[in-house]
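Student: pasting the sequence and the predicted model now:
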Amino acid sequence: MNSRSGYVALIGRPNAGKSTLLNRLVGEKIAAVSNKPQTTRFKIVGIVNRPEGQLVLVDTPGVHKPGYELNRRMMAAVHDALLGVDLVCLIRDASAPTGNGDRFVLDLVKQSGKPSLLLLNKTDRVSDKSKLLPLIEWYQQEHEWQAIVPISALKGDQIEQLLDEMMKNLPAGDPIYSDDELTDQPMRVLAAEIVREKILETTGEEIPYVTAVVTERWEEEREDFTRIYCTIFVERQSQKKIVIGHGAQRLKQVGMRARREIENLLGHRCHLELFVKVEEDWREREHLLNEMGIK
């Protein structure tokens, strides 16, 4: 049997569950996950090896109206991903009503001209599955899909069926990456993203979009011990106080949670040091966005 391989774009509205699905399919946490919209800020590649071939998944930022330079770059990453893939997967939150944003994402899929799958995600939130039928019918009338697959990225429902559908729609070809690679992201970027995820978790609704994290130094002191220094950027002094928390308790909590996950990825112990820096309008600063890998 001929081996198949190719690139698969995961696109959808903010908070549709793209990064949760990427992590589920790859089998490792390589993308920051949060219930806050716009958690993913740049393209992240995840690699899935199967007996019949290799899937190279491209997770993209949620499709939204760009405001800052940051958002313009995020949307450019979506358009760029659509140009270079063999298959497009539109991920739709099946538990949410259809809005203008869903129509806009659908138009992007149509304009790409690529074979496409519709993934109705978060089916674990839909108690009466018959309510999915009108949604499926609407999407079937709007576009010709290779398949429509209801899934729950969180629970793992229908994931094997989804992988089968993805594989059968890829061209014949040799693997693109070696079989021991999981992502194209360097460890220092993954570490920064884990720290940012923990900030989103611990600050709740207080700081949805205004933080960024950059790994400034990475020192491999020994084979089994790494020192990591990350800077957390916020836009105002008041936000710095929120991230640090009373008696620096919140920052310590962020550091502890992030360190555990980073150690799990590294497979050994690390020391994680966090600094909080006020940088007004960092979302418009090109050199900072370049440093963060948002290009």
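Tutor: Yes, it's here.
Student: look up how far residue 59 lies from residue 146.
Tutor: When distance is defined by Cβ to Cβ, to the nearest Å, residue 146 is 20 Å away from residue 59. All C-beta spots, glycine's among them, are computed from the backbone N, C-alpha and C.
Student: just the helices in this structure please.
Tutor: Along the chain, counting by DSSP state H, helices occupy 18-26, 69-83, 100-112, 132-142, 159-168, 187-203, 237-244, 249-266, 286-291.
Student: hmm, back to that, okay, residue 146 and residue 59: which has more neighbours?
Tutor: More neighbours surround residue 59 than the other of residue 146 and residue 59, with 28 against 17 (other Cβ atoms under 10 Å).
Student: who's that one bridged to?
Tutor: residue 10, residue 44 (DSSP bridges).
Student: try residue 273
Tutor: residue 229.
Student: these two touch, right, residue 221 and residue 269?
Tutor: No: Residue 221 is beyond contact range of residue 269, at 10.0 Å (criterion: Cβ atoms under 8 Å).
Student: just give me the neighbour total for residue 202.
Tutor: Other residues close to residue 202 by other Cβ under 10 Å number 18.
Student: residue 97: neighbour count?
Tutor: Count around residue 97 with other Cβ under 10 Å applied: 7.
Student: can you check residue 245 too?
Tutor: 15.
Student: same question, residue 247
Tutor: 8.
Student: isn't residue 259 up against residue 274?
Tutor: No: here residue 259 lies out of contact with residue 274, judged by Cβ under 8 Å, at a distance of 9.7 Å.
Student: please enumerate the shared neighbours of these two.
Tutor: By Cβ atoms under 8 Å, 6 or more residues apart in numbering, residue 259 and residue 274 have no common neighbours.
Student: measure residue 165 to residue 155 for me?
Tutor: From residue 165 to residue 155 the distance is 18 Å (Cβ to Cβ).
Student: which one of the two has more residues nearby?
Tutor: residue 165 (19 against 12).
Student: mind listing what the residue nearest to the more buried one when sequence neighbours are not counted touches?
Tutor: For residue 165, ignoring the flanking residues on the chain, the nearest one in space by Cβ to Cβ, 6 or more residues apart in numbering is residue 147 at 4.7 Å. With contacts taken as Cβ under 8 Å, 6+ apart, residue 147 has the following neighbours: 117-118, 165.
Student: and residue 147, bridged to which residues?
Tutor: residue 117.
Student: can you check the pLDDT for it?
Tutor: With respect to pLDDT, residue 147 scores 96.
Student: cool, and residue 71?
Tutor: For residue 71, pLDDT reads 56.
Student: residue 180 too?
Tutor: 81.
Student: what do you get for residue 56?
Tutor: Taking residue 56 on its own, its pLDDT is 90.
Student: and the one 10 residues further on, by the same measure?
Tutor: Reading off the confidence values, residue 66 has pLDDT 51.
Student: verify the stated contact: residue 15 with residue 92.
Tutor: No: using Cβ under 8 Å, residue 15 is not in contact with residue 92, being 11.3 Å away.
Student: neighbour-wise, which of those two wins?
Tutor: Neighbours were counted for residue 15 and for residue 92 using other Cβ under 10 Å; residue 92 has more, 24 against 18.
Student: so which residue is dead centre in this structure?
Tutor: residue 19 (3.5 Å; Cα atoms, centre = their mean).
Student: how close does it sit to residue 215?
Tutor: 19 Å.
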